[in-house]
Structure formats: structure tokens, C-alpha cells
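S.K.: pasting the sequence and the predicted coordinates here, then a few questions.
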Amino acid sequence: MPDLVLRRARIADDMLPVDIAVTGGRITEIGPELPDVAPEEIDCAGRVVIPGLVESHVHLDKALLDRERANPDGTLAGAIAVTAELKREFTVESVRDRARRVLDLAIGNGTTVIRAHPDVDPIVGLRGVDALLELREEYRGRIDLQIVAFPQEGILRAPGTLELLRESLRRGADVAGGCAYNEADVAACRRHVDLVFDVAAEFGVPVDIHADFADDATDPRFAMADYIAAVTERTGMSGRVALGHMTSLAGLDPVRRADTLARLAAAGVAVVSLPATDMHLGGRADTVNVRRGVAPVRELWAAGVTTAYSSNNIRNAFTPYGNADLLDIGLFLAQTGHLSGAADLNRVLAMATTEAARIVGLAPDYGIRPGVPADLVVLSTRRVADVLLDRPDRAYVLKAGRIVARTTTVRQLHHVPRVDGPPTVEARRAVAHPCG
């Protein structure tokens with residue numbers, strides 16, 4: 001007998017609703033009108049059910065810093081500078097408290113996996129990593145937390161960082177991070193990439209690099225994609241490398257861009273677009289036809305590059321917006337990327353589900369099919385193609401078959417009074433709360 005059955009769940013627009021049976025935290029059966037009776041049942045009533053959302057690139061350690069100090073000029077350099085000052089005062093407790101607030105928001109918004117990038121450098125040491133290692137255990141069973149050791153200040157230009165990266169991985173970080181553009185010249189940027197891959201090989205972990213974060217590729221430090229693809233192939237890391245931002249791709253001429261995208265696809269290098277940050281920081285020096293610098297998603301799709309999107313930063317000098325809501329970011333990406341219609345919107349949704357799961361290494365054990373963990377979100381909409389457009393409530397969020405958050409809403413529509421009677425009211429009840 002299953003522990004839980006979701007009744008009448010819409011998992012695709014081209015098929016009738018189905019029941020989803022869950023036993024021991026995993027999906028055991030999917031089909032119409034399953035006869036099994038479970039101790040707990042959720043009547044989805046034709047509402048959409050999707051796999052748990054995957055935040056593939058978030059800086060939990062630097063979240064919610066906007067109230068402490070704003071970006072002085074709105075540029076990437078300004079964001080790095082002001083954050084470097086703020087993080088001198090970080091403690092494990094302060095990072096943990098701010099990150100906990102974001103994790104709670106993310107869970108309520110349907111996220112079941114986060115890959116987080118805490119800074120690792122001589123300024124902050126390992127305080128961010130240590131805070132997230134604690135939170136990984138605290139939130140186990142509610143959300144999975146992957147930790148990327150991230151050298152924001154560079155490796156060569158910040159002596160001591162390389163050993164801190166190694167120590168992060170010894171303590172339990174999951175991924176070797178990089179910030180390729182934050183070195184003095186192209187040779188140093190390439191050396192940075194080589195060192196990150198060396199550390200990844202030493203510890204047997206994936207690689208996740210911040211790369212190509214500029215309005216165009218005139219500064220060659222922001223054009224590392226081809227080099228990273230070559231290193232990926234040389235080291236046999238295909239399928240285990242992700243690149244964040246990739247904004248300068250949009251500034252390449254079409255022929256060169258197509259060649260770079262083909263190299264990424266052939267090498268098995270994934271790209272994570274971060275539109276909220278990239279749109280905010282991009283084009284700051286432009287006075288006419290301001291460039292926006294969002295990675296060319298449709299061309300990435302066409303080239304066969306595994307592509308996701310994520311929130312990146314939440315309410316700090318890099319991105320003074322956000323609620324850890326991946327569906328909001330997905331709608332923003334669609335609006336800024338000329339993506340529309342059912343096929344495009346379904347594919348954007350996949351960027352935060354199945355594609356992001358591939359990037360963080362979950363693909364064999366993820367989705368809506370028998371045998372995989374029951375990480376599921378019941379949405380208050382009845383058409384998959386409308387998920388981004390409707391901005392639906394996350395009616396239920398399940399982690400391994402356990403309800404970890406619920407949202408109900410109250411909305412009252414007061415009609416104009418009729419001359420022959422009192423106003424009529426239509427109501428929809430609503431309250432939102434996490435489940436511990």
C-alpha cells in the first residue's frame with residue numbers, strides 16, 4: 001500500500017490527469033484512477049504537478065545584504081568591491097541566518113534542490129562554506145543543498161585561495177568553483193581555469209565556473225568559453241562542467257558565436273543563464289541602445305547545449321531584487337529572451353527542472369516517473385504551458401513524498417451592487433505557510 005497518492009494530477013497537456021502513488025519517499029506508480037488507497041491523499045483536481053524546481057546557481061552567503069550597503073554605481077566592479085568590504089564582517093552565524101531566510105523562501109516557492117556558491121578567499125575564509133555545511137544538515141529532508149567552493153576574488157590575484165578551495169572540499173563541499181574573469185590577464189585567467197580543473201580532479205568533483213560576464217568579448221578575459229571547452233575535453237570532464245552568466249556570447253558576431261556554442265555542446269559543457277543579475281548589471285556604460293547581455297538561450301538550445309537558469313543573487317549589490325522564486329525568473333527570462341508560445345514556455349520551465357537537474361547531477365534520479373524520489377510541486381494552474389504565465393501558487397511542495405510547504409490563498413471579488421439586492425461576492429480562500 002502506498003504512503004501517499006496524488007489524485008488527478010496534470011503532468012502533461014496532451015494527456016488526461018493521472019494518479020501518482022508514493023511509497024517510502026519514491027514514486028511507485030503513475031496511472032489513471034489507481035485503485036490503491038493511501039493513508040494520505042491529495043486531490044490535485046486537474047492541477048499541474050511538476051518535479052521540484054532546481055536552483056542551479058545561487059549565492060546564499062551574500063543574500064539580503066542590500067539593507068547594509070548598496071552598489072555605489074550599479075556595475076559588476078562596484079558590486080564586487082562593496083561585497084568585499086561587507087564580507088570582512090561576515091560570521092558563520094550571520095551567513096547562516098541570512099541563508100536560512102532564503103532557503104525558507106525557496107522551499108515555499110517549490111524549490112527542492114539548490115546549488116549554492118559561497119565565497120572562499122582570504123577575506124572571508126571558510127565562514128560561508130562552514131555556515132552552509134551546517135545548513136545542509138539542518139535542512140536535510142526539506143531541501144538538498146550542494147555547495148560550490150567559489151573563489152570570487154580570483155586565485156592568482158588572491159594568494160592563499162587555492163589551499164582554501166582544497167580545504168573546502170576536504171570539509172565536504174561538493175563542487176570546485178571558479179571565477180575565470182577575475183584575474184589580471186588572459187594567461188592568468190587560463191591558469192585559473194587549469195587550477196580549478198586540477199582541484200576537481202584531485203577530489204573527484206564537478207566544476208562550476210563564472211565565465212564571460214561582460215557586455216561583449218572585447219576584453220579577452222571575458223571570452224574563456226572556448227578554452228574551458230578544450231580543457232573539459234582534455235580532462236574527460238564532459239557532462240560535469242557548468243558555466244554561469246555567459247553574457248558576452250550575445251556580443252559575438254553570429255559566425256563566431258555559433259562556433260563557440262558548437263564547441264560547448266561537443267565538450268558537454270552546460271550554461272546557466274542568470275537574467276536578473278545580468279540585466280541589472282549589463283550595459284552600464286552604454287548611453288544609447290543599452291546592451292542587456294543575457295545569454296542567447298534560443299541559440300544555446302539550437303546548438304544542443306544543456307541550458308538552465310537560476311536566481312544567482314537575491315537582494316544585494318549584484319541583484320537588488322528577488323524572492324527565491326524560480327518561476328518568476330523563468331517568466332523574466334522568457335520576456336527578455338524573445339521566448340513565447342507553448343513550446344518555448346515549456347522549454348523554459350524545463351530549464352528549471354529537468355535541464356537544471358542534469359547540470360547538478362540529479363538526472364538519473366529525478367522527474368515524474370516510477371522509481372525516482374517524489375520531489376513534486378502541485379501548482380494552482382491546470383495547463384503546463386501556462387505555468388510561467390499564471391504565476392500560480394505552490395499549493396503543495398513535496399520532498400521525498402513529504403509535504404514541506406503549502407500555500408492557500410484568499411481572494412474576494414466584490415461585484416458592483418445590483419439595484420435589487422446587496423453586492424455579490426466570489427471568494428477563494430488563501431493562507432501560505434511552510435511545513436516543518
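M.R.: Great, that's in hand. Residues are numbered from 1 along each chain as shown.

S.K.: what sits closest to residue 130 if chain neighbours are left out?
M.R.: Distances taken as CB to CB, 6 or more residues apart in numbering put residue 92 closest to residue 130, at 5.2 Å, once the chain neighbours are dropped. C-beta coordinates here come from the backbone N, C-alpha and C atoms, glycine included.

S.K.: ok, now residue 290?
M.R.: residue 283 (4.0 Å).

S.K.: what secondary structure does that neighbour sit in?
M.R.: Taking DSSP: H, G, I helix; E, B strand; the rest coil as the rule, one finds residue 283 in the coil state.

S.K.: isn't it right next to residue 250, touching?
M.R.: No - applying CB atoms under 8 Å as the test, residue 283 and residue 250 come out as separate, 10.7 Å apart.

S.K.: between the two, what contacts are shared?
M.R.: Common neighbours of residue 283 and residue 250 (criterion: CB atoms under 8 Å, 6 or more residues apart in numbering): 291-293.

S.K.: and for residue 198, the neighbour number?
M.R.: Taking other CB atoms under 10 Å as the criterion, the count of residues near residue 198 is 12.

S.K.: where are the low-confidence patches of the chain?
M.R.: By pLDDT under 70, the low-scoring segments of the chain are 416-436.

S.K.: any idea which of the shared contacts of residue 283 and residue 250 is closest to residue 136?
M.R.: Taking CB to CB as the measure, residue 136 sits nearest to residue 293 out of the shared contacts of residue 283 and residue 250, at 32.5 Å.

S.K.: give the contact list for the residue nearest to residue 366 when sequence neighbours are not counted.
M.R.: Of all residues not flanking residue 366 in the chain, residue 357 sits nearest, at 4.1 Å (CB to CB, 6+ apart). Applying CB under 8 Å, 6+ apart, we find residue 357 in contact with 51, 54, 113, 363, 366-367.

S.K.: try it again with 10 Å
M.R.: Residues in contact with residue 357 (CB atoms under 10 Å, 6 or more residues apart in numbering) are 51-54, 56, 112-113, 308, 350, 363-367, 372, 375.

S.K.: now swap in residue 105 and tell me
M.R.: With CB under 10 Å, 6+ apart, residue 105 has these contacts: 63, 111, 314, 322-325, 434.

S.K.: isn't residue 5 up against residue 37?
M.R.: Yes - counting by CB atoms under 10 Å, residue 5 does reach residue 37; the two are 7.7 Å apart.

S.K.: more neighbours: which of these two?
M.R.: Between residue 5 and residue 37, counted using other CB under 10 Å, the more crowded position is residue 5 (23 against 9).

S.K.: need the three-state assignment for that one.
M.R.: The three-state label given to residue 5 by three-state DSSP is strand.

S.K.: just the C-alphas of stretch 37-53, formatted as CSV.
M.R.: This file holds the C-alpha atoms of stretch 37-53, laid out as CSV (Å, rounded to 0.1, in the frame of the first residue of the first chain):
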residue,chain,number,x,y,z
VAL,A,37,-5.9,3.6,-1.0
ALA,A,38,-3.3,5.5,1.0
PRO,A,39,-3.3,7.0,4.5
GLU,A,40,-2.8,10.4,2.9
GLU,A,41,-4.2,11.6,-0.4
ILE,A,42,-4.0,15.0,-2.2
ASP,A,43,-6.7,15.8,-4.7
CYS,A,44,-5.0,17.8,-7.3
ALA,A,45,-8.3,18.2,-9.2
GLY,A,46,-6.6,18.6,-12.5
ARG,A,47,-4.0,21.0,-11.3
VAL,A,48,-0.4,20.8,-12.8
VAL,A,49,2.2,18.8,-11.0
ILE,A,50,5.9,19.4,-11.9
PRO,A,51,9.1,18.0,-10.5
GLY,A,52,10.7,20.0,-7.7
LEU,A,53,12.4,23.1,-9.0
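
S.K.: run the chain-centre distance for that stretch.
M.R.: Relative to the centre of its chain, stretch 37-53 is centred 24 Å away, using CA atoms, centre = their mean, to the nearest Å.

S.K.: now residue 181, what's its secondary structure?
M.R.: coil.

S.K.: next, count neighbours for it.
M.R.: As a burial measure, residue 181 scores 23 neighbours (other CB under 10 Å).

S.K.: what's near enough to touch it?
M.R.: By CB under 10 Å, 6+ apart, residue 181 lies in contact with 76, 154, 189, 192, 209-214, 219-224, 245, 248.

S.K.: same thing but at 6 Å, please
M.R.: 213, 221-222 (CB atoms under 6 Å, 6 or more residues apart in numbering).

S.K.: kindly report the same for residue 168.
M.R.: By CB under 6 Å, 6+ apart, the contact list for residue 168 reads 120, 129, 149.

S.K.: any idea how far it is from residue 149?
M.R.: In this view, residue 168 and residue 149 are 4 Å apart by CB to CB, to the nearest Å.

S.K.: which residues are common contacts for the two?
M.R.: residue 120.

S.K.: on that earlier part again, just the element for the residue nearest to residue 366, please.
M.R.: helix 354-359 (DSSP states H and E).
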